[in-house]
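# Need a 3D model of the following:
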Amino acid sequence: MPTILGIESTCDETAASVVIDGRDVRSNVVATQVDLHAKYRGVVPEIASRAHIENILPVLREALDQAACGFADIDAIAVAHRPGLIGSLLIGVTAAKTLAWSLGKPLIGIDHVHAHLYSVVLGEMQNDERRMQNDGRMADPHSAFCIDQSAFAGFPAVGLVCSGGHTALYRVGSWTDVELIGSTIDDAVGEAYDKVAAILGLGYPGGPIIDTLAASGDPTVVKLPRTYLDRESLDFSFSGLKTAVLYHVRGVPNRRDPQANAKPPPTEAEIRNIAAAFQAACIDVISEKLHRAIARTGAKSVIIGGGVSANRGLRAALATFPLPTFFPPMQYCTDNAAMSAGLAHLYLTAHQTSPLDLDAIPYSQFISG
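Residues are numbered from 1 along each chain as shown. Reported below is the predicted structural model:
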C-alpha cells in the first residue's frame, strides 16, 4: 500500500496531505489565504506566492505529524504542477522536487483539474475498514466506490469541474482516461459567484455567502437569463448572467445621464431573492449541460468536483438526477493536496513518474482545440 505525500499550491491554498493506497487520507492540511485577499475581492498573485513561501514548510511538517509518519515512510512525492498561478505553482513544485531529490523518492506531477475529478473517492478509513480492505473486500458496502478504483462500475462517466477558475465537462473513461468535451468561454461559475457577491456588497469568497442567502430567497421573484449557447453546445457562459444581475441591482447605464436609471441599494430581502435567482440560473445551466454531455457520451454516472461542488443548492438539485451523481466529501471540494496524492497512486503503480526537471505550467493538460 504506497504512502504518498501530496503538495498543493496552485492558487491561494498551501496544502499537504498523506494518502495511503490512493484513497485512505491520513492527513489533509490546508493553510488558507482568504483573509489576505478578501479586501481585494479576489486573489492577488504576488501576495499568494509570498504566502506560499511562508506556509509551505509548516504545512508539510503538520501533514506528516498528523499522519504519524516521517519522510522515511513516504514512497513518493506528488505535486499539482498545472494549471494555476505560475508564481504559486513554483513554490509547491520546487518543494516537491527538492524533497524527491533529497529523499531519493519518485516525483509525480499531477494536473490539478484532473485531481478534482478523482477527489470523489477520497475518505478517511477507520480501523475496521482497513481490516476489510486487507481481506480483499469492499471497505464500505454502502459506498458507490470500491477501494480498488479500477473496479468502479460507473465508467464511462461525465465529469464536471466547477470552481472559481474552472467550469469544464469531461468524458471520463477511467480515472486516467479523461477527455475535455466542454469549457467556459468567459467566466467560470465560481468567478461569477464572486462577482455577483461583489455587486451585492457581500463578502469574499462569494460562493458560500450566496449559497446561504439563496436558501431563504425566492428564485421566481427576479427574472434572470440562462445562457445555453448553441443547441448542442457543451460550453458554458456566465458573463451575461453576471451582467444581468448588475443591471438589475444598479440599473441599465445611460451614457448621457449616468444617474438617470440608478436604483437604490437592494434591501436584505431583495438580496436574498437575487441570490436565489442567480443560483437557480447557474444550476439550470449546469443541469442542462450535464444532460447534453450524457446524451453525447453514453455515460453511466456523473462525477462533480471543484469548489462549487460544495454548493448545497447544486447538491440538492442533482440529488434526483437520472444517473448516479457523485460529489466529493466536503473537505475535498476546495483545493487540497489529498486529491493529488490520491491520483498519484495510480501513476505510481503504473510506473509513470516525472523527471526532476518537472515544470510548473499555468494551463491544464486538457485544452480545447
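
# lowest-confidence helix or strand of the chain?
When the helices and strands of the chain are compared on mean pLDDT, DSSP states H and E, helix 127-134 comes out lowest with a mean of 39.

# Pull the contacting residues for the closest residue to S301 other than its chain neighbours.
Among residues not flanking S301 along the chain, G154 sits closest, at 3.3 Å (CB to CB, 6 or more residues apart in numbering). Every C-beta, even on glycine, is put in place using the N, C-alpha and C of the backbone. With contacts defined as CB atoms under 8 Å, 6 or more residues apart in numbering, the neighbours of G154 are A144, K300, S301, I303, P324, F326.

# so where does A78 fall, helix or strand?
Assessed by DSSP states H and E, A78 sits inside strand 76-82.

# Just the pLDDT at the one residue sitting closest to the centre of the chain, thanks.
Central residue of the chain (CA atoms, centre = their mean): G306, 1.7 Å from the mean position. The score at G306 is 97. That number is its pLDDT.

# ok now do the nearest residue to it once chain neighbours are set aside, which residues does it touch?
Distance criterion CB to CB, 6+ apart; nearest residue to G306, sequence neighbours excluded, is S163 at 3.6 Å. The contact partners of S163, by CB under 8 Å, 6+ apart, come to H116, A188, V189, G190, G306, G307, V308.

# same question, A214
A214 neighbours (CB under 8 Å, 6+ apart): R272, A275, A276, F278, Q279, A280, G313.

# Now the fifth one: closest residue in space that isn't a chain neighbour?
Taking CB to CB, 6+ apart as the measure, Q279 lies nearest to A214, with 4.2 Å between them; neighbours along the chain are not counted.

# One more: L180?
F366 (4.0 Å).

# Is it correct that the one you found is in contact with H114?
Yes. Using CB atoms under 8 Å, F366 is in contact with H114, at 7.3 Å.

# Next, show the common contact partners of those two.
With CB under 8 Å, 6+ apart, F366 and H114 have common neighbours V178.

# who's more crowded, those two?
H114 (24 against 19; other CB atoms under 10 Å).

# mind pulling up the phi and psi values for the residue nearest to the centre of the chain?
Torsion angles at G306 (phi, psi; degrees, to the nearest 10) stand at phi 100, psi 170.

# OK, contacts around it?
So G306 contacts H116, L160, V161, C162, S163, H166, G190, C333 (CB under 8 Å, 6+ apart).

# do P328 as well
H116, S119, V120, L122, I304, G305, S309, M339.

# Show me what the strand or helix carrying I7 is packed up against.
I7 belongs to strand 3-8 when assigned by DSSP H and E. Applying 3 or more CB pairs under 8 Å, 6 or more residues apart in numbering; DSSP states H and E, one finds that strand 3-8 makes contact with strand 13-20, helix 45-66, strand 76-82, helix 86-103, helix 338-349.

# what's the fourth one packed up against?
Based on contacts counted as 3+ CB pairs under 8 Å, 6+ apart, the elements that helix 86-103 packs against are strand 3-8, helix 45-66, strand 76-82, strand 107-111.

# okay, the helices and strands packed on strand 3-8 in a markdown table with mean neighbour count, distance to D357 and mean pLDDT next?
Below are those laid out as a markdown table (neighbours: other CB atoms under 10 Å; distance: least, CB to CB, whole Å; pLDDT from 0 to 100):
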| stretch | mean neighbour count | distance to D357 | mean pLDDT |
| --- | --- | --- | --- |
| strand 13-20 | 28 | 22 | 98 |
| helix 45-66 | 18 | 20 | 97 |
| strand 76-82 | 29 | 11 | 98 |
| helix 86-103 | 20 | 8 | 98 |
| helix 338-349 | 27 | 17 | 98 |
